[in-house]
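> Kindly return the folded structure for what I paste below:
(chains A, B, C and D)
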Number of protein chains: 4
Amino acid sequence: MTLRVDPNRVYDLGHPLEMSMPVSPNHPGYRMALLRRHGDVMRADGGSASNEMIVMGGHTGTHLDGLAHVSHAGKLHGGIDAQIAQTGGRFSKLGMETVAPIVCRGVLLDVARARGVRMMSGGDAVTDADMELAVSTQRTDTAGSGAILVRTGWASNWSDPERYLGHASGVPGVDEAGARWIVARSPRVAGTDTMAFEQIAPGRGHALLPVHRTLLFEHGVHIIENLDLERLASESIYEFLFICSPLALVGATGSPVRPLAVVLQ
Amino acid sequence: MTLRVDPNRVYDLGHPLEMSMPVSPNHPGYRMALLRRHGDVMRADGGSASNEMIVMGGHTGTHLDGLAHVSHAGKLHGGIDAQIAQTGGRFSKLGMETVAPIVCRGVLLDVARARGVRMMSGGDAVTDADMELAVSTQRTDTAGSGAILVRTGWASNWSDPERYLGHASGVPGVDEAGARWIVARSPRVAGTDTMAFEQIAPGRGHALLPVHRTLLFEHGVHIIENLDLERLASESIYEFLFICSPLALVGATGSPVRPLAVVLQ
Amino acid sequence: MTLRVDPNRVYDLGHPLEMSMPVSPNHPGYRMALLRRHGDVMRADGGSASNEMIVMGGHTGTHLDGLAHVSHAGKLHGGIDAQIAQTGGRFSKLGMETVAPIVCRGVLLDVARARGVRMMSGGDAVTDADMELAVSTQRTDTAGSGAILVRTGWASNWSDPERYLGHASGVPGVDEAGARWIVARSPRVAGTDTMAFEQIAPGRGHALLPVHRTLLFEHGVHIIENLDLERLASESIYEFLFICSPLALVGATGSPVRPLAVVLQ
Amino acid sequence: MTLRVDPNRVYDLGHPLEMSMPVSPNHPGYRMALLRRHGDVMRADGGSASNEMIVMGGHTGTHLDGLAHVSHAGKLHGGIDAQIAQTGGRFSKLGMETVAPIVCRGVLLDVARARGVRMMSGGDAVTDADMELAVSTQRTDTAGSGAILVRTGWASNWSDPERYLGHASGVPGVDEAGARWIVARSPRVAGTDTMAFEQIAPGRGHALLPVHRTLLFEHGVHIIENLDLERLASESIYEFLFICSPLALVGATGSPVRPLAVVLQ
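Residues are numbered from 1 along each chain as shown, chains lettered A, B, ... in the order given. Presented below is the predicted three-dimensional model:
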């Protein structure tokens, strides 16, 4: 094997995890506290170690939704009974430990750019036509792509949690027709740069999650949320080796991730 | 780019994370609790979501040690003042958010196999000679490898935490000469299949961590601990594309990871 | 009101909470981490504040069991449906916020002393006869006592978690006849100086909890576990004002407490 | 001892603890997750147990500030060196385990009522004159009171966290002259019905905490914050037996509490 990877061509698609980042009220906030600092306990040779305690959710920061995350009419993907699967306090089926690491071809569909805007507006739909437009504008072939990443430009709001969550403004996102367009391409995973992979109308919140239902429940397609796609977009990189290795949190419904796009020579 | 990755050739080098796994008493235990289960709140369309709260350490399960983890005589790697760096309750220098994702050539040095044993014994040293022996036995070239992974076979004890921690028995591991052998090859990261990347004598515990000092403090080489190298070893795979994308936990000293070895055609 | 309370006559019946204390494997370990230390952020006037993050269970350390803690055949105390009550992720009935603060007459039954031993042995039963013996030895009247505290002397093992948990040895405790003796006296709460208010045979663990069933489920009598009754016993104090003010943890099944015995002039 | 306590005369001065309560951004949010629900594991006799994991701060909800909470010019109360005391990751001096349970005479100074208002306004000062006015209006004798509780009426905002925190409006509270008036009466503890025992001007936040300095640092008087004094006030009860038994969180700077006022016959 002679593959050489240029570190400058490894694109980090995750946001850093810190207390100040946006968090949905459904999920626990993120906190990291140093349990031990240097100097607390000195070893005989002058060495010292520091470590921490972390509290977070499975859906903290940039994260992957597992198939146990959503149910419909009491069933998980594949018709698994949700009540039975969750008995015991962790999912005996479809937990995060069942998600194979993802290493596949990925594409970026820069819908904001295709529409000629810096960032889509709160409440905007990303439709099937939008994604077709991006495909043709970019001249990107989605065939054989295990990962389809959709950019709305909303990640520019990340540092302003209230704006990013968009309760008042709504949030742009893929609508149901768009979701069907995606699943028709049979990816393993679909990702985007907002808190929920949904079109959220102003003032509506997460009362309904039809795209989650289509992707996770009906088609078993994983979702990645809160991606940072800005550097890829700014360099007009639309095809890459996509890597996402979620933590194998046994019986959990999601995992924070730090996905990568790698451009090979 | 026409790279095709066979999912069967993506090797998961992490252990699943669950409450029952081995944990050093220095670090917080791992706990995952479902905050919301299916049926707790039903949406109007019959949909329901489940999520969780997780408590863990930065050094939980298979994890990467950041450079802020150890200090010597009050200094971090590069001579950074540890007290100043940790003021504020998170490291302002060398936190996990500064660790670039690792995508590079990796090699496995199967020292247990080179020695002709299933598993090394508690307290055994992995010396420079052991690693030379593995190199020649395996006919593996370490040149240009960003990741050097050392197998002792100890991962077979993972499901028995007391045995794995090895307070009574000691734990096999790289000694100081071995550490110098590793840093001479200038990897970005060195990994192994025990709780601490150290030779631990019976009854000794982690009173001194000379290899941490050599790798992290002196040479800025990251460490990955608690790797599962069994499948790689059983298939005699010694060279691969190594991938490790630690969470960008701002100001933290370590991160759980799920590293991958990918064998390309 | 002219009541004067002598601070030396306020007896603290709780153990301090720290990482090293005994914890049942069913419950999360206790961890306290300083989030902010003095000097992390200095105010303009030279002031600085420190604070912490705490992870614990409702049944950590000296604690009170709420009535939502145990069910029998799917029902909580009073015939409440357990599944319905717990839907939503916290108990809508019988949560800790429904436990009124306890300020009442309390008695200590020093069964170890009545038997003439320093500490009862692992697996010993505290029977109805034992408690009658304590009553007559001590000349204590249990009538009108809202709190009945039973001393086995086991608290002397507190600093040795393995011994205190007593997996191998068993643990002394009230048996079913003893539980009926207690409920016949209609207290609000019964307490003891072991991890579970049960007689635990050697090697048995908590496979069955018949006394919990009698007290909590059948009679709605709260339980306090892990009491420190040593100082009371050493001073031969058997009657007192008993105070226990559990945290009103909404929808939870238990709360750490620091109960008090106050001897009035 | 023949003291009889009427349960209807035990006043709960704590707010229930739940996720939706007000929390200062300096402190971790409160979360309670059921680890095990009824039915997750059934015992052979039809019994089942439920329990939980809780994340909180020492200053969550109604809580007591320990003396390690604030420092001035690097010193804790009594001239203790703050850096030395906090080395090790928990306070070796003045931690919550050193706070003796509080059982003493308490008084309520209903300053809102003395001023003839339902609730004081954001930013209002509670001065020494205000407390003198309350004393004379109520005809309450503060002599010999271990606990002085000051009511502003702000607890009516508790269910509206943004209003309660009062970033925009400011929050009413005792000013420095008021603090000196309190310490002149030598109580063990002073409490109030706001998040910080301070006068907070609109838009100012907690940049300076002069009253904390006076009470905690200079005089070693503990502070209780977020009290619910509404029922006491509505019944015009100004003198009582005050009880507060903080958790003995070893090395911590504060503890949630559920203080009580008991009116004896």
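> how far away is the residue lying farthest from the centre of chain A from A:K75?
Taking Cα atoms, centre = their mean, the residue of chain A most remote from its mean C-alpha position is A:A44, at 45.2 Å. For A:A44, the distance to A:K75 equals 59 Å [Cβ to Cβ, to the nearest Å]. No exception for glycine: its C-beta is placed from N, CA and C like everyone else's.
> Quick check: A:I84 is in a strand.
No: using DSSP: H, G, I helix; E, B strand; the rest coil, the secondary structure at A:I84 is helix, not a strand.
> for the longest strand belonging to chain A, packing partners?
Among the segments of chain A that qualify as a strand by DSSP state E, the longest is strand A:102-110. Here strand A:102-110 touches helix A:128-138, strand A:147-151, helix A:230-234, strand A:239-244, going by 3 or more Cβ pairs under 8 Å, 6 or more residues apart in numbering or on different chains; DSSP states H and E.
> Mean pLDDT, distance to chain D and mean neighbour count added to the ones you listed, as TSV?
Below are these laid out as TSV (pLDDT from 0 to 100; distance: least, Cβ to the nearest Cβ, whole Å; neighbours: other Cβ atoms under 10 Å in any protein chain shown):
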stretch	mean pLDDT	distance to chain D	mean neighbour count
helix A:128-138	98	37	17
strand A:147-151	98	31	26
helix A:230-234	98	27	16
strand A:239-244	98	26	26
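> Output these in JSON lines; the columns should cover distance to chain B.
Below are the helices and strands packed on strand A:102-110 laid out as JSON lines (distance: least, Cβ to the nearest Cβ, whole Å):
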{"stretch": "helix A:128-138", "distance to chain B": "15"}
{"stretch": "strand A:147-151", "distance to chain B": "12"}
{"stretch": "helix A:230-234", "distance to chain B": "13"}
{"stretch": "strand A:239-244", "distance to chain B": "6"}
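> nearest to chain C, of those?
Of all these, it is strand A:239-244 that lies closest to chain C, at 28.6 Å by Cβ to the nearest Cβ.
> Pull up the pairing partners for the longest strand of chain A, direction included.
Using DSSP bridges, the strands paired with strand A:102-110 in its sheet are strand A:147-151 (parallel), strand A:239-244 (antiparallel).
> thinking the residue farthest from the centre of chain A is in contact with B:P210, fair?
No: using Cβ atoms under 8 Å, A:A44 is not in contact with B:P210, being 11.3 Å away.
> so what pLDDT did the residue in chain A positioned nearest to chain C get?
When Cβ to the nearest Cβ is the measure, chain A has its nearest residue to chain C at A:A33, with 3.8 Å between them. The score at A:A33 is 98. That number is its pLDDT.
> Mind telling me what element it is part of?
Using DSSP states H and E, A:A33 maps to strand A:31-36.
> what pairs with that strand, and is each one parallel or antiparallel?
Strand A:31-36 has the following strand partners under DSSP bridges: strand A:51-57 (antiparallel).
> Return the residues in contact with A:L13.
With contacts taken as Cβ atoms under 8 Å, 6 or more residues apart in numbering or on different chains, A:L13 has the following neighbours: A:62, A:149, A:191, A:227-229, A:232, A:258-261.
> make that A:I237, sorry
Residues counted as contacts of A:I237 (Cβ under 8 Å, 6+ apart) are A:11, A:108, A:261, A:263.
> same question, A:G58
Applying Cβ under 8 Å, 6+ apart, one finds that A:G58 lies in contact with A:66, A:96, A:249, A:252-256, B:32, B:51-52, B:54.
> Now rank the contacts of A:L13 by neighbours and give me the top one.
Neighbours were tallied for each of the contacts of A:L13 (criterion: other Cβ atoms under 10 Å in any protein chain shown), and the maximum of 29 neighbours falls on A:R258.
> where exactly do the strands run in the stretch 151-265 of chain A?
Counting by DSSP state E, counting those that start in this stretch, the segments of the stretch 151-265 of chain A that form strands are A:173-174, A:189-192, A:222-225, A:239-244, A:254-256, A:260-262.
> Same list as before, those strands that is, but in CSV and with distance to B:G58 included.
Below are these laid out as CSV (distance: least, Cβ to Cβ, whole Å):
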stretch, distance to B:G58
strand A:173-174, 33
strand A:189-192, 25
strand A:222-225, 23
strand A:239-244, 20
strand A:254-256, 13
strand A:260-262, 20
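> looking at those, which is closest to C:E176?
Closest approach to C:E176 among the strands of the stretch 151-265 of chain A (Cβ to Cβ): strand A:254-256, 45.0 Å.
> Quick check: residues of the stretch 51-200 of chain A near chain B?
Selection of the stretch 51-200 of chain A residues close to chain B by Cβ under 8 Å from any Cβ of the partner chain yields A:51-59, A:61, A:68-74, A:76, A:82-83, A:86, A:89-91, A:97, A:100-101, A:103-105.
> Can you give me every residue that contacts A:R204?
Taking Cβ under 8 Å, 6+ apart, one finds A:G170 in contact with A:R204.
> distance of it from A:A168?
Plainly put, A:R204 is 10 Å away from A:A168 if you go by Cβ to Cβ.
> Ok, A:A125 next?
Between A:A125 and A:A168 the distance is 18 Å, computed by Cβ to Cβ.
> related to what we said a few turns ago, so which of the contacts of A:I237 is the most crowded?
A:L108 (29 neighbours).
> doesn't A:R151 make contact with it?
Yes: with contact defined as Cβ under 8 Å, A:L108 and A:R151 form a contacting pair (6.2 Å).
> intersection of neighbour lists for those two?
Where contact means Cβ under 8 Å, 6+ apart, the residues bridging A:L108 and A:R151 through contact with each are A:229, A:232-233.
> if we look at the sheet, which residues does A:P256 bridge to?
Going by DSSP bridges, A:P256 is paired in beta bridges with A:H63.
> Tell me the buried residues in stretch A:85-94?
Judged by neighbour count (16 or more other Cβ atoms under 10 Å in any protein chain shown), stretch A:85-94 contains these buried residues: A:85-87, A:89-91, A:93-94.
> And the contacts of that stretch?
Counting contacts by Cβ under 8 Å, 6+ apart, the residues outside stretch A:85-94 that touch it are A:66-68, A:76-78, A:80, A:84, A:250-253, B:18, B:32-34, B:37-38, B:50, D:34-37, D:39-41.
> are any of these buried, and which?
Neighbour-count burial (16+ other Cβ under 10 Å) is assigned, among these, to A:66-68, A:76-77, A:80, A:250-253, B:18, B:32-34, B:37-38, B:50, D:34-37, D:39-40.
> which residues does A:C104 contact?
In this structure, A:C104 makes contact with A:145-147, A:188, A:241-242, B:5, judged by Cβ under 8 Å, 6+ apart.
> a markdown table please, covering those residues and showing distance to C:D130.
A markdown table is the format used below for the contacts of A:C104 (distance: Cβ to Cβ, whole Å):
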| residue | distance to C:D130 |
| --- | --- |
| A:S145 | 73 |
| A:G146 | 69 |
| A:A147 | 68 |
| A:R188 | 65 |
| A:L241 | 72 |
| A:F242 | 69 |
| B:V5 | 70 |
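> List just the nearest of those residues to C:I182.
A:R188 (59.6 Å).
> Near that closest one, how many other residues are there?
A:R188 sits with 19 neighbouring residues when counted by other Cβ under 10 Å.
> my guess is it contacts A:I148, does it?
No: applying Cβ under 8 Å, one finds A:R188 not in contact with A:I148, separated by 9.4 Å.
> Mind checking the strands paired with strand A:102-110 for the one nearest to B:S24?
strand A:239-244 (28.2 Å).
> Alpha carbons of the closest one, in CSV - could you do that?
The C-alpha trace of strand A:239-244 is given here as CSV (Å, rounded to 0.1, in the frame of the first residue of the first chain):
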residue,chain,number,x,y,z
GLU,A,239,-16.1,14.7,-3.7
PHE,A,240,-13.9,13.0,-1.1
LEU,A,241,-13.2,10.0,1.0
PHE,A,242,-15.7,10.4,3.8
ILE,A,243,-14.8,9.0,7.2
CYS,A,244,-17.0,8.9,10.3
